[in-house]
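>>> Have a look at this fold, sequence not included:
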């Protein structure tokens, strides 16, 4: 390295694991995830908090990782798209997005999936209007949003059927 | 919400004959090739609502886009961009930047002196500007450094002395002779890049003879693709002397050619371009870009991998989006609504470089004739160079703008003649197989079914003009209808050559695995899946077991790229041919082995078996082994070349296509008369797709097209402060308004399936056409709701309010451009319209309209 860069090393809880990345102190959570931890499933579309592509969950709440510093996440649980699967098993949201064509180019998809997960975790039976509202911070240029709404509804129904079956 | 129309299937024997003649080849299983129009029931993969082959990778975050790639020792590149709209570069001093710790190389224009451009006639770009900059954001220098921050800091230390020039802010200024020409070598006159003048028949006389003559001016504002993925690339020179570029590009073959030209004498055969899956393209990643070329040069200079990821603001400067187009249209109508003649003029604001602009200019005039019978037609088009980011191809390339003008004018004509706008269109459709005034050959033509479907589904006949106010909001409601057509692939390549437009290679291995190699590029539309579906259908396999290798100039045969809605038809046909040949080889070997005539063998469910005795057969993997033992390594190829164009005049190269898709839509609007805000709660759209290879993906394309069309109709605009250094008003996603989930309407999609003989299984395009009728349908619906004409896109609240105020004062209830400037168009090239069309024009149109 030809130029001195202040580096920071701190523990982060990501997808159920504790990691200890060393990263340039000025980096956002988005940059640390993508560049220092190899978690490139989190995307960037503006790095200004406008598009929602970098959305991750912080203690289950949707946040924009391009506007967060890793320091803001100390002691908190970060969920990225890589953490949505349960081993090889796809989350019902992932399955529904794939089967209904809700992911066209797929670039905005991780953000939408996590925003939808936060909604369904918080509110298991959202109607279309609630889904529209919960996803209004994420931009998609391919689908026109309809397939995404339908996929969230299908996952909602699958999750609620599974829940009923468990009881 | 979506529905399909199952009862529209009519194989046309005459067209199948044409196909047979076009496809020679002794080793080809001809019966199989021609059977691609077979009935839907016999298809196992085609027409099924399957997921895309890479869908799980995408929902798991494991799709690798260009910016997800990293290599050891990778350097980062930043471009220094011009702060001036137009200036001469007096001096560049890179000393300080080069001395910055962490910087490995600094380049300026002198390091890349060879010009390039996507079209052979417009080689007007340099990777880094040499003597002048032509728009804010034009790159002048590049830095490669150990990290992005160092590269950016070093770029800021480059000293550039500029001598500002008077910028050309708009096309009217481009017509003036007193401004310094942007590109003296590429201009028709002053700063006019291209002038086109074509005349098909005596349009003036035909219009004079009409019962009604309408003369209108329209304006369609420019807008941009706004893919969520910002362009990125990674270049790497291997020690053995091979250069690889991974990039978010829709056209790896054209990027390869541009790199070979600019980096010469570095040999083209040592350059490899890999198109990563694009995170959205919409036409915005179809040019070879300066950052791609510069990254490659930096990789050559430094011997290290070089990465470049553009910021969102830089993506706005790359642009290549929708041209702003001013239009003047004069059309003659008979009392029954038949068009006697049409004279269309367009003036395109092209921005600083040529890009696809010559083609865009032709496209603003090419397809007006493809929907309704226009017996005489005249087109004059001009494209201006201005000091703004260059315009290029965006979804619908050059045709949404004239489609807006044409469809709004038809609505006006219907009102003036007292004819229902749907009937006016239905009466004057082209019959299938027609030749248009400008000699374009219509193939299958499902527009009648499209119109009838949306008219019925929307309750058009009962509800138009009678919707009244919304009981909840009190807003005025209205319905508007519009139609369109679009090409399924351009008939000619970007650069003249006689080679196929698409090639496919198949490799079959002993495990029963099949790999498809094709140069096509998946930009989210599902082209990889189409390849897998076609091969799986023909070989009787599970599409998810097919391995697709695409968009890699080292590994895959050339496909021209993901533009002009060409991929499903062209790569689909190439894949069909390759798969048919593989099937033929396997059938011969297995037939010999089993003692069954090859044409009695079926390929299904992973087996090859005797149709007379379905139990008798072998597993597909065994069939490959038998064939390999018989013939050696099993690989086949397929390729596709479009049929020759019917027109034989200068300018006939833009417009011909193997097949045209058709679309009709009805939009319902709610207009808030206090704020001027127009909302679109419901859309009914029917698209003549020929045949849907995958209805889920096809409907997704329709819905995406509707969404993007609504964005253009209501809010999206690339605007500049013309008096303040031609600076972009809002190069950010926050201020460049695009529809969010809140603006998503209810969309009722109908796929009209009337197989076209030129498409694989009858398929035509769906990626672009459905956008086209949306803006005019919205404008026509606004008129139905509140009685004002907004002859300008986007239909923003201030325009609606101005029109409503004018109406209240008893003035013409219209907002839109008032004049079209005088342009020194050359004398027209005169081409006689086809005789068939002249005869048709004399026939009472009701007779022709009867199906």
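Great, that's in hand. On a predicted model such as this, the values are computed, not experimentally measured, just so you know. Numbers count the residues shown, from 1 in each chain, chains lettered A, B, ... in the order given.
>>> alpha carbons only for contacts and neighbour counts from here, please
Fine.
>>> now residue B:106, which residues is it bridged with?
residue B:143 (DSSP bridges).
>>> Do you know the pLDDT at it?
pLDDT, residue B:106: 98.
>>> go on, residue B:6?
41.
>>> do residue B:177 as well
So residue B:177 comes in at 89 (pLDDT).
>>> Wait, it touches residue B:188, no?
No - Residue B:177 lies out of contact with residue B:188 (C-alpha atoms under 8 Å); the separation is 11.8 Å.
>>> ok, those two, which is more surrounded?
For residue B:177 versus residue B:188, the count of surrounding residues by other C-alpha atoms under 10 Å in any protein chain shown is larger for residue B:188: 17 against 11.
>>> tell me the SS of the nearest residue to the more buried one once chain neighbours are set aside?
Distances taken as C-alpha to C-alpha, 6 or more residues apart in numbering or on different chains put residue B:194 closest to residue B:188, at 5.7 Å, once the chain neighbours are dropped. Of the three states, residue B:194 takes strand according to DSSP: H, G, I helix; E, B strand; the rest coil.
>>> Adjacent strands (with direction) for the lowest-mean-pLDDT helix or strand in chain A?
For chain A, using mean pLDDT, DSSP states H and E, the weakest element among its helices and strands is strand A:7-9, scoring a mean of 93. If you go by DSSP bridges, strand A:7-9 pairs up with strand A:22-24 (antiparallel).
>>> Off-centre distance for the strand it pairs with?
Computed by C-alpha atoms, centre = their mean, to the nearest Å, the chain-centroid distance of strand A:22-24 equals 22 Å.
>>> what about it, average pLDDT?
Mean pLDDT, computed over strand A:22-24, is 95.
>>> which residues touch residue 96?
Looking at chain A here, since you left the chain open. A:102, A:151, A:152, A:154, A:155 (C-alpha atoms under 8 Å, 6 or more residues apart in numbering or on different chains).
>>> nope, chain B
Per C-alpha under 8 Å, 6+ apart, neighbours of residue B:96: B:154, B:157, B:158.
>>> List the buried residues for the host helix or strand of it?
Here residue B:96 sits within helix B:95-99, counting by DSSP states H and E. Residues of helix B:95-99 classed as buried: B:97, B:98 (neighbour count, 16 or more other C-alpha atoms under 10 Å in any protein chain shown).
>>> now do stretch B:141-155
Across stretch B:141-155, burial judged by 16+ other C-alpha under 10 Å covers B:141-148, B:150-155.
>>> quick one: contacts of it?
So stretch B:141-155 is contacted by A:1-2, B:74-81, B:96-98, B:100, B:102-109, B:128-129, B:294, B:298, B:306 (C-alpha under 8 Å, 6+ apart).
>>> Tell me how far the closest residue to residue B:354 other than its chain neighbours lies from residue B:308.
Among residues not flanking residue B:354 along the chain, residue B:122 sits closest, at 5.4 Å (C-alpha to C-alpha, 6+ apart). Distance of residue B:122 to residue B:308, given as C-alpha to C-alpha, to the nearest Å: 26 Å.
>>> between these two, who's got more neighbours?
Legend: neighbour count by other C-alpha under 10 Å for residue B:122 and residue B:308, higher for residue B:308 (24 against 21).
>>> Doesn't the more buried one belong to a strand?
Yes - checked against three-state DSSP, residue B:308 lies within a strand.
>>> if I look at it, how far off is chain A?
Here residue B:308 is placed at a distance of 14 Å from chain A (C-alpha to the nearest C-alpha, to the nearest Å).
>>> quick one, domains of chain B?
B:66-165+B:228-280+B:285-318, B:325-491+B:647-849, B:500-640 (automatic domain parsing).
>>> Could you do chain A as well?
The record's domain parsing of chain A by automatic domain parsing lists A:7-83, A:92-166.
>>> so which of those domains is the most packed in?
Most buried of the domains of chain A, by mean neighbour count (mean count of other C-alpha atoms under 10 Å in any protein chain shown): domain A:92-166, with a mean of 22.
>>> and the end-to-end length of that domain?
16 Å.
>>> quick one: average pLDDT of stretch B:578-597?
97.
>>> mind listing what's buried in that stretch?
B:578-591, B:594, B:596.
>>> what about the residue of chain B found nearest chain A, which helix or strand?
At 3.5 Å from chain A, residue B:524 is the closest residue in chain B, using C-alpha to the nearest C-alpha. Secondary structure assigned from DSSP H and E places residue B:524 in neither a helix nor a strand.
>>> how much space between the residue nearest to residue B:354 and residue B:504?
Taken as C-alpha to C-alpha, the span from residue B:122 to residue B:504 is 30 Å.
>>> Tell me which stretches of chain A form strands.
Taking DSSP state E as the test, the strands found in chain A are A:7-9, A:12-14, A:17-19, A:22-24, A:55-58, A:61-64, A:77-79.
>>> Could you list which of the contacts of stretch B:141-155 belong to helices?
Using DSSP state H, B:96, B:97, B:98, B:294, B:298 are the members of those that sit in helices.
>>> Enumerate every residue touching the third one.
Shown in contact with residue B:98 (C-alpha under 8 Å, 6+ apart): B:104, B:105, B:106, B:154.
>>> what's across from residue B:617 in the sheet?
On the basis of DSSP bridges, residue B:617 is bridged to residue B:609.
>>> Identify the residue of chain A closest to chain B, quick one.
residue A:105 (3.5 Å).
>>> pretty sure that residue is touching residue B:248, no?
No - Residue A:105 sits out of contact with residue B:248 when judged by C-alpha under 8 Å, with a separation of 11.7 Å.
>>> where do the contact lists of the two overlap?
By C-alpha under 8 Å, 6+ apart, residue A:105 and residue B:248 have these common neighbours: B:277, B:278, B:279.
>>> since we're on the last one, how many residues are nearby?
Taking other C-alpha under 10 Å as the neighbour definition, residue B:279 ends up with a count of 29.
>>> Could you tell me the average pLDDT over stretch A:32-50, please?
If you average the pLDDT over stretch A:32-50, you get 96.
>>> Does that stretch reach chain B?
Yes - using C-alpha under 8 Å from any C-alpha of the partner chain, stretch A:32-50 reaches chain B at A:34, A:40, A:41, A:42, A:44, A:45, A:46, A:50.
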